[in-house]
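Asker: Sequence isn't available, so here's the structure alone:
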């Protein structure tokens, strides 16, 4: 996919930062919600700002089972630390987001 990104100002931990946001990506997430492939839950951040959390639905899980292995492998390369099954998570260090493993690997 070739998404077009644009800088957007947002608050993270009560600090104004610029992040690149894709309108096409946001539209795709909305499509997944409309098709009931993901669920959304609105919660409040520490600074009482609304935040949307997403989770795959049962219907979405059924569809994922049909995805070819090579496509799943491409996703695994992004979400797991190289050479392991340690899931990377997005971590904000006050200046930037990083992908970090439970053992401390950061990229």
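Answerer: Received it, and whenever you're ready, just let me know what you need. Keep in mind the model is a prediction, meaning the values are calculated, not measured.
Asker: Show the pLDDT at the closest residue to residue 64 other than its chain neighbours.
Answerer: Spatial nearest neighbour of residue 64, chain neighbours left out: residue 56 (7.0 Å); criterion: Cβ to Cβ, 6 or more residues apart in numbering. All C-beta atoms are positioned from the backbone trio N, CA, C, and that covers glycine. Predicted confidence (pLDDT) for residue 56: 97.
Asker: OK, contacts around residue 56?
Answerer: Taking Cβ atoms under 8 Å, 6 or more residues apart in numbering, we find residue 56 in contact with 37-39, 64.
Asker: If you go by neighbour count, which of the residues you listed are buried?
Answerer: 37-38 (16 or more other Cβ atoms under 10 Å).
Asker: ok, residue 16 touching residue 9?
Answerer: Yes - with contact defined as Cβ atoms under 8 Å, residue 16 reaches residue 9; the gap is 5.9 Å.
Asker: For the contacts of residue 56, which two are the farthest from each other?
Answerer: Comparing all pairs in those by Cβ to Cβ, the longest separation belongs to 39 and 64, at 14.1 Å.
Asker: How are the strands of the protein distributed by residue range?
Answerer: If DSSP state E is used as the criterion, the strands of the chain fall at 5-12, 15-22, 38-44, 50-56, 89-92, 97-100.
Asker: what's the closest of these to residue 70?
Answerer: strand 50-56 (20.2 Å).
Asker: Looking at strand pairing, list the partners for the residue nearest to the spatial centre of the chain.
Answerer: Among the residues of the chain, residue 90 comes closest to the average C-alpha position under Cα atoms, centre = their mean, at 8.2 Å. Beta bridges link residue 90 to residue 99, judged by DSSP bridges.
Asker: How much space separates it from residue 1?
Answerer: As defined by Cβ to Cβ, to the nearest Å, residue 90 lies at a distance of 19 Å from residue 1.
Asker: before we move on, what about residue 96?
Answerer: Taking Cβ to Cβ, one finds residue 96 at 24 Å from residue 1.
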